[in-house]
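S.K.: task: produce atomic coordinates for the following.
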Amino acid sequence: MAYERTVTSRGHKYRQLVESRWDPKKKQPRTVVLKHLGTVIEKDGKEILKPSALKIDQIDNAYPVGKLAVYWKLMEELNVHDSISKSFDLNNDDIAKGIQILALNQLVGRKSLTKLVSWVSNGPLSRWLGLEGKNLTKDYFLSALDNISQNVDSVFCSYSNSIQHNLRNGWSSILGHEPERYFFFHDITRIKWNGGTTFYANNGHEKQSGRPHIGFGLVVSKDNYMPIMGYPVRGQHHDSTTVRETVSNLKRTDMKNITLVWDRGFVGKKNIQLARDNQMHVLSAGVRSSKAVIGWISKYSDDEIEQRENIMRLAKDKGIYHKDEIGTLYGQKCKIVVTIDPQKRNHARVSRDLLLHTLEHESKKEDIARLKKKLTPLVVPSRGRRGYKIDRNAESLARQCDGRSLFFCTDTAMSGEDIVRTYFQKDHVEKAFRFLKKDACLTPVRYQLPGRVESYLSVVNFVAYELIAAVLWKLRTHKIEIGFEELMQEADKIYEIEMTFKGKKIHRWTHMTDNVKKLFKPFGIATLQT
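M.R.: Residues are numbered from 1 along each chain as shown. Have a look, this model is predicted:
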């Protein structure tokens with residue numbers, strides 16, 4: 001019968017698996033070592049076994065596994081597979097697995113479809129997904145996209161809304177619903193298009209002006225910045241024209257008490273009326289091209305706003321003053337908040353006064369033209385030797401508006417401070433787009449068929465961003481004092497080594513020190529080691 005024993009050699013202790021056997025020659029029992037188990041070390045008064053290193057036959061492959069393991073475990077925790085498969089009449093395992101692979105591919109390297117098969121087959125994904133021995137092809141992934149969005153008898157059919165609904169329920173069942181109100185941060189980003197113009201890709205606006213591109217709309221939640229909805233936008237459409245689609249999709253959900261937090265680009269009387277007609281509130285900042293907004297901004301003197309009871313801390317060493325009241329803006333009854341940032345105000349006034357001073361003493365025509373352009377609309381044409389004059393009324397209004405901003409919400413029950421803080425949180429949806437473009441390799445879009453573009457943006461990238469948001473949620477929840485980028489740098493150091501040992505394939509991970517294990521413990525990646 002086998003048993004363990006500890007022996008001492010040259011001052012070191014070793015653990016062995018041994019067995020007592022009868023020696024017929026000596027006619028007495030002898031102890032036979034079956035296996036050397038490792039070194040015994042003492043820690044806190046206890047003996048701890050440090051296993052012996054394997055004596056392998058050969059190393060076959062080394063594969064970066066850290067980031068992939070983090071995202072895979074979050075996929076399991078958020079139940080992504082079932083959220084996709086149950087959207088179909090027959091739970092389709094291949095569609096769900098294909099989308100999972102495409103989403104992970106977005107986050108870990110962005111391989112082309114022709115290289116994706118090798119990437120899956122040669123790494124741990126085939127084991128984790130149960131695809132070992134399956135003959136994967138490029139069509140396996142294209143079929144997954146085509147089954148989500150496609151034309152059936154000339155009618156466009158899409159399961160993307162159903163899948164997003166299931167994914168939303170999946171993360172909210174773990175993270176929890178916001179108890180009183182849903183604040184959704186809504187924005188649009190523009191993505192470069194590789195190819196000619198198609199249904200979604202058109203020459204459009206802003207940084208992509210004159211080049212084929214697609215828009216991607218994203219709505220995220222307030223507390224955890226998890227995705228609520230993602231959808232493609234035709235390149236030729238301005239941001240303000242996409243609100244109807246967002247409102248229509250949100251109306252199909254079971255969520256109530258929705259407040260949309262908008263960037264200024266969405267703000268307009270018609271868009272706000274559309275949201276209110278659908279029982280949704282709007283929170284945003286006023287656009288200075290509106291005379292009504294300028295009227296509200298310039299309504300109060302600095303002394304009326306800069307009272308100690310109106311101070312609001314934004315950061316450790318930064319504060320602003322605010323004053324709010326209920327009034328009418330963009331045709332709606334709103335809580336209107338006017339803020340002053342004293343540092344911005346003083347900087348704006350000094351900068352403008354220096355420019356005006358320079359203009360009044362400048363003699364070169366080309367420099368005068370340059371300064372006049374910078375000082376529009378304060379400098380206006382006039383008869384005389386210089387050909388211009390300074391509009392003192394415009395200068396006075398500009399001084400009164402220096403450092404000021406206007407925020408509003410159609411929910412008049414919100415406090416002025418809550419409105420300002422909520423608006424500033426919209427930076428997180430802009431950060432979401434930065435993650436999508438950088439970490440999830442969102443751009444450029446290489447698919448051509450409208451159905452595949454819709455599936456790619458509405459499902460694949462929805463899942464990819466959900467996993468990024470889940471990483472950030474884990475970091476906050478477990479108070480891990482490093483950022484997303486630093487965590488991923490540590491994950492990049494973890495490799496899986498595939499080895500042959502006595503004719504069998506075994507896998508071991510590198511860089512799994514005690515500190516690394518502690519860092520990634522909230523993600524549970526250690527369970528993937530074999």
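S.K.: other SSEs contacting the longest helix along the chain?
M.R.: Longest helix of the chain, by residue count under DSSP state H: helix 342-360. The elements that helix 342-360 packs onto, with contact taken as 3 or more Cβ pairs under 8 Å, 6 or more residues apart in numbering; DSSP states H and E, are strand 318-329, helix 365-374, helix 392-401. In short, each C-beta sits where N, CA and C put it, glycine included.
S.K.: only the buried residues of the second one, if you could.
M.R.: Which is helix 365-374. Buried positions in helix 365-374, judged by neighbour count with 16 or more other Cβ atoms under 10 Å: 368, 371-372.
S.K.: how about those residues in JSON lines, adding pLDDT?
M.R.: Putting these into JSON lines (pLDDT from 0 to 100) gives the following:
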{"residue": "368", "pLDDT": "84"}
{"residue": "371", "pLDDT": "86"}
{"residue": "372", "pLDDT": "83"}
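S.K.: out of those residues, the closest to residue 356 would be?
M.R.: Nearest to residue 356 out of those is residue 371 (Cβ to Cβ; 8.5 Å).
S.K.: in contact with the closest one: list those residues for me.
M.R.: For residue 371, the contacting residues are 355, 358-359, 362, 379, by Cβ atoms under 8 Å, 6 or more residues apart in numbering.
S.K.: pull out the buried residues from those.
M.R.: For these, a burial check counting by 16+ other Cβ under 10 Å picks out 355, 359, 362, 379.
S.K.: right, and residue 32 touches residue 18 too?
M.R.: Yes. Between residue 32 and residue 18 a contact is recorded at 6.4 Å, counting by Cβ atoms under 8 Å.
S.K.: who has more neighbours out of these two?
M.R.: More neighbours surround residue 18 than the other of residue 32 and residue 18, with 15 against 12 (other Cβ atoms under 10 Å).
S.K.: what pairs with the more buried one across the strands?
M.R.: With DSSP bridges as the criterion, residue 18 is bridged to residue 3, residue 33.
S.K.: please apply the same query to the one 5 residues further on.
M.R.: When bridges are called by DSSP bridges, residue 23 pairs up with residue 28.
S.K.: just to revisit the earlier point, excluding its own residues, what touches the longest helix of the chain? List them.
M.R.: In contact with helix 342-360 (Cβ under 8 Å, 6+ apart) are residues 302, 306, 318, 320-321, 368, 371-372, 374-375, 378-379, 390, 395, 398-399, 402-404.
S.K.: which parts of it are buried?
M.R.: 345, 348, 352, 355-356, 359.
S.K.: swap in stretch 42-55?
M.R.: Under 16+ other Cβ under 10 Å, stretch 42-55 has no buried positions.
S.K.: before we move on, what about stretch 77-86?
M.R.: For stretch 77-86, a neighbour-count test (16+ other Cβ under 10 Å) marks 78-81, 83-86 as buried.
S.K.: re the thing from before, out of the helices and strands packed on helix 342-360, nearest to residue 149?
M.R.: strand 318-329 (39.3 Å).
S.K.: hmm, residue 412 is touching residue 334, no?
M.R.: Yes. Using Cβ under 8 Å, residue 412 is in contact with residue 334, at 6.7 Å.
S.K.: which residues do those two both contact?
M.R.: Counting by Cβ under 8 Å, 6+ apart, the common neighbours of residue 412 and residue 334 are residue 326.
S.K.: so which of the two has more stuff around it?
M.R.: Higher neighbour count among residue 412 and residue 334: residue 334, with 28 against 16, using other Cβ under 10 Å.
S.K.: element containing that one, please.
M.R.: If you go by DSSP states H and E, residue 334 is part of strand 332-340.
S.K.: buried residues in that strand?
M.R.: Neighbour counts over strand 332-340 (16+ other Cβ under 10 Å) mark 332, 334-340 as buried.
S.K.: packing partners of the one helix or strand residue 296 maps to?
M.R.: For residue 296, the host element (DSSP H and E) is helix 291-297. Judged by 3+ Cβ pairs under 8 Å, 6+ apart, helix 291-297 is in contact with strand 318-329, strand 332-340, helix 392-401, strand 404-409.
S.K.: ok, and for it, which residues are buried?
M.R.: By neighbour count with 16+ other Cβ under 10 Å, helix 291-297 contains the buried residues 292-294, 296-297.
S.K.: in TSV, list those residues along with distance to residue 457.
M.R.: Converted to TSV, the buried residues of helix 291-297 look like this (distance: Cβ to Cβ, whole Å):
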residue	distance to residue 457
292	36
293	33
294	38
296	38
297	38
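S.K.: and the residues you listed, which is closest to residue 459?
M.R.: Distance ranking of these against residue 459, using Cβ to Cβ, places residue 293 first at 38.7 Å.
S.K.: surely the closest one meets residue 405?
M.R.: No. Contact criterion Cβ under 8 Å: residue 293 and residue 405 do not qualify, at 9.9 Å.
S.K.: now do the shared contacts for these two.
M.R.: Counting by Cβ under 8 Å, 6+ apart, the residues touching both residue 293 and residue 405 are residue 286.
S.K.: and which of the buried residues of helix 365-374 is nearest residue 122?
M.R.: Using Cβ to Cβ, those come closest to residue 122 at residue 371, 63.0 Å.
S.K.: thinking again about what came up before, looking at the buried ones among the contacts of residue 371, spot the one nearest residue 518.
M.R.: residue 355 (55.7 Å).
S.K.: point out where the stretch 301-450 of the chain drops to low pLDDT.
M.R.: 385, 428-429, 431-433, 435-445 (pLDDT under 70).
S.K.: tell me, domain by domain, which residues of the protein belong where.
M.R.: Domain segmentation of the chain under automatic domain parsing yields 1-53, 344-402.
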